[in-house]
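[1] The following comprises the amino acid sequence and a computationally predicted model.
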Protein chains: 2
Amino acid sequence: FDHVIYASLKWTFALLIGAATGFIAFLINVAVENLAGWKFTATFWVMQYSYILSFFVYVLCNGLLVFSSVVIVTYFAPMAAGSGIPEIKGYLNGIDTPGILLFRTLVGKVFGSLGSVAGGLALGKEGPLVHTGACIASLMGQGGSTKYRITWRWLRIFKNDRDQRDLVTCGAAAGVAAAFRAPVGGVLFALEEVTSWWRSHLLWRVFFTSAVVAVVLRTSMKLCNDGICGHFGSGGFIIWNITGWQDDYLFFELLPMAMLGVMGGLLGAMFNQLTWYVTSWRRCYLHKKGDRVKVIEALLISLLTSVLSFCLPLMKQCTPCPEGAAHCPRPSLDYDNFVDFHCSASNEYNDLGTIFFNTQDDAIRNLFSSKTQHEYSSETLLIFFVVFYLLAVVTYGINVPSGQFVPGILLGATYGRLIGMLMVKMYNIDEGTYALLGAASFLGGSMRMTVSLCVIMVEITNNLQLLPLIMLVLLISKAVGDGFNHGFYDLHAELKQIPILEARPKRFLRHLAAKDAVNRKVVSLSRVERVENIIRVLQTVSHNGFPVIQRLPNGESVFLGLVLRSHLLFLLKSGADFQHSPVPRHNNLNGTRYDVTDFAKTVSSKGLSIRDVGNLSAESMNMHLDLLPFVNPSPYVVAEDMSLTKVYSLFRQLGLRHVCVVPKPSKVMGVISRKDLLPEVLEDKRPSQIEMTSQASS
Amino acid sequence: FDHVIYASLKWTFALLIGAATGFIAFLINVAVENLAGWKFTATFWVMQYSYILSFFVYVLCNGLLVFSSVVIVTYFAPMAAGSGIPEIKGYLNGIDTPGILLFRTLVGKVFGSLGSVAGGLALGKEGPLVHTGACIASLMGQGGSTKYRITWRWLRIFKNDRDQRDLVTCGAAAGVAAAFRAPVGGVLFALEEVTSWWRSHLLWRVFFTSAVVAVVLRTSMKLCNDGICGHFGSGGFIIWNITGWQDDYLFFELLPMAMLGVMGGLLGAMFNQLTWYVTSWRRCYLHKKGDRVKVIEALLISLLTSVLSFCLPLMKQCTPCPEGAAHCPRPSLDYDNFVDFHCSASNEYNDLGTIFFNTQDDAIRNLFSSKTQHEYSSETLLIFFVVFYLLAVVTYGINVPSGQFVPGILLGATYGRLIGMLMVKMYNIDEGTYALLGAASFLGGSMRMTVSLCVIMVEITNNLQLLPLIMLVLLISKAVGDGFNHGFYDLHAELKQIPILEARPKRFLRHLAAKDAVNRKVVSLSRVERVENIIRVLQTVSHNGFPVIQRLPNGESVFLGLVLRSHLLFLLKSGADFQHSPVPRHNNLNGTRYDVTDFAKTVSSKGLSIRDVGNLSAESMNMHLDLLPFVNPSPYVVAEDMSLTKVYSLFRQLGLRHVCVVPKPSKVMGVISRKDLLPEVLEDKRPSQIEMTSQASS
């Protein structure tokens, strides 16, 4: 019966995570679009009177928005800075970054990204949404925030490592699904990029969460159809809908497409490398100088962005409208091509302003737009690309929530359209198609995903005809990029010292054996150990897991299992299990006073450290602790001479944290093959064996 | 340098597999469409003169096509019968079905499915295409067919289990990609349904293969634009393109959609159960009576199908054309709605004929068609559904290649449209949308996939707007279906006694330990074993792996590794390593006379059996064999008391075939954590340790 409740709770959680993430994403979208909208409205309104004044309004609006973001992140939620995806990836691979899933981080992420995105910085809100989804999932799983005392104790059956990780996987998928309104892309992103393993029943739960997100988003976007959401609500469910476009291509076009792929690989790899240099400089020098420096840095970058995006279009000469264009220049507050920005004649538009003095979403829409041949001059595209590329490089890593998806799409679309302009001189094709493929190539070259990026690109543009081309471009750009460095998230995880295991073990691992990876002398504990010894061990070594060995009366010893550092700390702190005699007290694993959930570390906190135990009295120090009830009795073991490549895949495929290395066994009790594990074979053993097992362990 | 060749070969293979599968799928499509087209042309032509004569022409054409198929399969390629997906799934999960990947099977599959699909049976060509792709991949990997002596010896580095399985995964994905022109769906199908594990670099290779398939298909379909492919070539890259359809839905519609999901789950589960009964009856009784019975059975079912699809429309009254319909009735050999079949008036059409007396592809296109409200009467849909459902049940399992995708889509579309007709009376919606969702629900209820089906449905219809609905319908129908039985492929794998491990271990496994799964007494071999002993062991026990134990001079013993039955048989048959003295001859693992590929079982053959070894001379029997060079020195081991749930996930996630159960270790040499496996940590050990390891083993 218990497991029915458990299963229904799991699905209820998936539903709630989907609904909450979808709804929050919707609110963020509405808020960002409106903040940015008001900003541009105000700027354009003042512009009628004075360009200098409107420049100040623009700079001030951006500065204020960025200031709100950097203050929230710096002083309230430091873990909300950056994209969050490397940390989530680390978490799902078994490495906790303290504070990454706190309620405080969630709040900081949501409100921080409002300011940073609406403030016009060269960053996106997609990465932060993934982190937001993961936070929501984790908080639900723990039954609320402990610190803010919003907890439901009965929900604590989910307070174990595995269930928590499953929930966070759902949350991450929901985040992507909500960010791009791409439900299937979300599922695949969670599987391809974030986790290192998958189980098919988790897949279905993730899929369900994404479907809920999609339904919630659609339904809430319907509410906006009447215009009650202000500047938001003009688009449909597909962000950049390009159906009815060029849906065919010539065979020879594969060549320029391949070229796009190569360019994407090179530019993406360079982008990764440059952000790596800038970020590591920031971490080592700049951000060590205190919080105030972080705030000033963000404001300076905001100022730089504002100046460039305002002044560069101003210096650009306007272009006469093409003949037959319906809205040129566009009506003042419409979201369309052909922005009138400092143009003297009435039928002129400023092509640099159209992409630079605009929100990134609209700039991408304009670059993707079809049937607008030669709307942009190649000079404009080149200037924008170089400036925005450098801006994106310096912006990533300042102390605000920042994603790399949308800037990546924008950069890729720019050089894609540039290539398209060269091609259109030779053949009758559409520049917008090349912009789309350019976007795919840059993302492929920087993030190095394949299937999930491909599905996301299709879902945000609704053009399946181009699928084969997108696939090829992605593969080429990924291959080229992989020749230079790691993917964006892996590189930044490395920088943050999150030890994510790569997908593929290095080749030299096959020449090493498991015993070569054992760096430190192993420290074992006895079954009944003196408290003093335990404390000394915990103080002197930093291991997270300790083998527990029992010495039998006949002089032999037997390995009982692995006890975790966190569990030992909990036991020491509680002190309730201390005993005077060194004789084992517990006969079996049952009957302890603890619930399994008591040991669960709250994901959001740092966990206990040896300092939290405090000074125990001399009496306590002399007491003993029977560790048997607290060990993991069957950790995965490998023989000392097992190839490290095999150990590596064990860690990655099963998501392990510890493996015990044991001596080569002296005998084998049996060989299990697949047939032995079929339910019908094992069914017979079911009743009798359960008794036998429990007798054996008693 | 070797691994550069290896890597480039891997990608070359992926390219070749994609190109070959894409091209063969294209040829099959052209051939099937033309065969079916000629059949209908002939029938309609004769119909002008006499209905009875045209009936005989129709029955004869169908009979001949089915006869060709069943004869090829029965007498030439018996393993080509059925869908092939359960066997491929088994193969990728570590269970070989002999003969499943032979060149002969490939030929049988290709030519068999021409006859069975063009012959109008209630089955599809999609499952067989998956099998075809897998065969192509496997044959390439082995460097051609051994039997037909088309081999390239230098390709034999791929003759190991893992590389072969990777190639077959690529091939299966290519098959789906080619069948539905759905490249991403193919990748996901291979991952979700076929394999039980994944590695991200394999993912990219599979993705590449699918992309190649897509490009090849598009390019070759271009060739058909001029009409040189006969009846094939009218459609575009998207099989059932429905862009520009109803792309929005009301919130209340979620209710009938959910109802569709429930219906799909029930009908799909019933379908699985019925095919299970019919197939197991066939296996136990009918097909034991010899090959002739199989041929007669297929012909009888062909006759039944022909009679029903000809006579039922004939008995149906024609419907007057709706006003304003452009092509009603359709021009005689066009592929369109409104078929004129035995209609008296010139502006009438036969709605049952439109879906029944037609190829399945066109029937689906007609059912999906939008803006054709009330084209079909509910009576027609009901009759067709019941008749076709029963036909599909009895047809699956006859001795021809048969897939279940297209019949499933057709069945689902029928009841989906029926529900749509009920809804359209209340609201202004499109019946075609409901047909599409019905198709999704039936596939979900029968095959129980989620992500891959969802992507395939989107890719074959090119309508992303409906994605959230498709997701929900799939989830509901899967959940309902799972309440009754296993998915279609799992059920049929079970019937074929292919022991595929389910995704989720049964709950009671957690109460069992590894030692409980060891059924049979383990039989160990010594390091240097007498030939006579080995033969006796192989004759008396049926295990596939044997632990090799070495007794040390001090009386202790040490476990050297696992030796496989197939390797022992090879050694016995060759006899080249026999030695007279019982003293170990080999000092280390190198310097044996065999190439690693010599041991590789050809996937396509049955492998050696103990009978193949023959009678050895008395002298040989007394000789010895040093097994050390042939053991797998580090198989995965588990302690005897490890929970079976953990053992289970070890098998599934790593795709293992054997695990050795060892006694609980007496000591632990160390604990490896994730940080110990980072390349930068291990890098230092690289040069010195390699020497140490090789010294230790010498």
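    Alright, I've got the coordinates. Predicted model, so just to flag it, every value in this text is computed and none were measured. Numbering: from 1, shown residues only, chains lettered A, B, ... in the order given.
[2] List the contacts of residue A:491.
    By C-beta atoms under 8 Å, 6 or more residues apart in numbering or on different chains, the contact list for residue A:491 reads A:272, A:275, A:276, A:485. Every residue, glycine included, has its C-beta placed from N, CA and C.
[3] Correction: the previous question concerned residue A:648.
    Per C-beta under 8 Å, 6+ apart, neighbours of residue A:648: A:501, A:505, A:509, B:677.
[4] Same question for residue A:55.
    A:310, A:311.
[5] and if you look at residue A:20?
    Counting by C-beta under 8 Å, 6+ apart, residue A:20 makes contact with A:136, A:140.
[6] need the next SSE after whichever strand or helix holds it, C-terminal direction.
    According to DSSP states H and E, residue A:20 maps onto helix A:2-47. Per DSSP H and E, the first helix or strand lying C-terminal to helix A:2-47 is helix A:51-71.
[7] hang on, the earlier thing: now the contacts of residue A:648 in JSON lines, please, with extra columns for secondary structure and distance to residue B:456.
    Below are these laid out as JSON lines (DSSP: H, G, I helix; E, B strand; the rest coil; distance: C-beta to C-beta, whole Å):
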{"residue": "A:501", "secondary structure": "coil", "distance to residue B:456": "32"}
{"residue": "A:505", "secondary structure": "coil", "distance to residue B:456": "33"}
{"residue": "A:509", "secondary structure": "helix", "distance to residue B:456": "38"}
{"residue": "B:677", "secondary structure": "helix", "distance to residue B:456": "38"}
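[8] where in the stretch 251-400 of chain A is pLDDT low?
    For the stretch 251-400 of chain A, applying pLDDT under 70 flags the ranges A:324-327, A:331-337, A:372-373.
[9] could you redo the last one with a cut-off of 80?
    For the stretch 251-400 of chain A, residues meeting the criterion pLDDT under 80 lie at A:251-253, A:322-347, A:370-375.
[10] which residues sit in contact with the residue in it that chain B sits nearest to?
    Of all residues in the stretch 251-400 of chain A, residue A:251 sits closest to chain B, at 6.1 Å by C-beta to the nearest C-beta. Taking C-beta under 8 Å, 6+ apart as the contact definition, residue A:251 lies against B:219, B:222.
[11] Can you tell me the element the residue lying closest to residue A:396 once chain neighbours are set aside falls in?
    Leaving aside its sequence neighbours, residue A:396 sits nearest to residue A:275 (C-beta to C-beta, 6 or more residues apart in numbering or on different chains; 4.9 Å). Using DSSP H and E, residue A:275 falls within helix A:254-284.
[12] Buried residues, that helix. List them.
    Buried residues in helix A:254-284, counting neighbours by 16 or more other C-beta atoms under 10 Å in any protein chain shown, are found at A:254, A:256-272, A:274-276, A:278-279, A:282.
[13] what number of residues lie near the closest residue to residue A:205 other than its chain neighbours?
    Distances taken as C-beta to C-beta, 6+ apart place residue A:14 nearest to residue A:205, at 5.0 Å, with adjacent residues excluded. Close neighbours of residue A:14, defined as other C-beta atoms under 10 Å in any protein chain shown, add up to 27.
[14] Likewise for residue A:625?
    Neighbours of residue A:625 (other C-beta under 10 Å): 22.
[15] that's a strand at it, yeah?
    Yes - checked against DSSP: H, G, I helix; E, B strand; the rest coil, residue A:625 lies within a strand.
[16] Quick check: pLDDT value at it.
    Listed pLDDT for residue A:625 reads 83.
[17] Put the alpha carbons of stretch A:369-388 into PDB.
    C-alpha atoms of stretch A:369-388 as PDB (Å, rounded to 0.1, in the frame of the first residue of the first chain):
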ATOM      1  CA  SER A 369      12.400  36.800 -41.100                       C
ATOM      2  CA  SER A 370      12.100  35.600 -44.600                       C
ATOM      3  CA  LYS A 371      11.300  37.400 -47.800                       C
ATOM      4  CA  THR A 372      13.300  40.400 -46.600                       C
ATOM      5  CA  GLN A 373      16.300  40.000 -48.900                       C
ATOM      6  CA  HIS A 374      19.000  42.600 -48.300                       C
ATOM      7  CA  GLU A 375      17.200  44.200 -45.400                       C
ATOM      8  CA  TYR A 376      20.600  44.300 -43.600                       C
ATOM      9  CA  SER A 377      23.800  45.500 -45.100                       C
ATOM     10  CA  SER A 378      26.700  43.100 -44.600                       C
ATOM     11  CA  GLU A 379      28.600  45.900 -42.900                       C
ATOM     12  CA  THR A 380      25.800  46.200 -40.300                       C
ATOM     13  CA  LEU A 381      25.800  42.400 -39.700                       C
ATOM     14  CA  LEU A 382      29.500  42.400 -39.300                       C
ATOM     15  CA  ILE A 383      29.600  45.300 -36.800                       C
ATOM     16  CA  PHE A 384      26.800  43.900 -34.800                       C
ATOM     17  CA  PHE A 385      28.400  40.400 -34.700                       C
ATOM     18  CA  VAL A 386      31.800  41.600 -33.500                       C
ATOM     19  CA  VAL A 387      30.400  44.000 -30.900                       C
ATOM     20  CA  PHE A 388      27.800  41.700 -29.600                       C
END
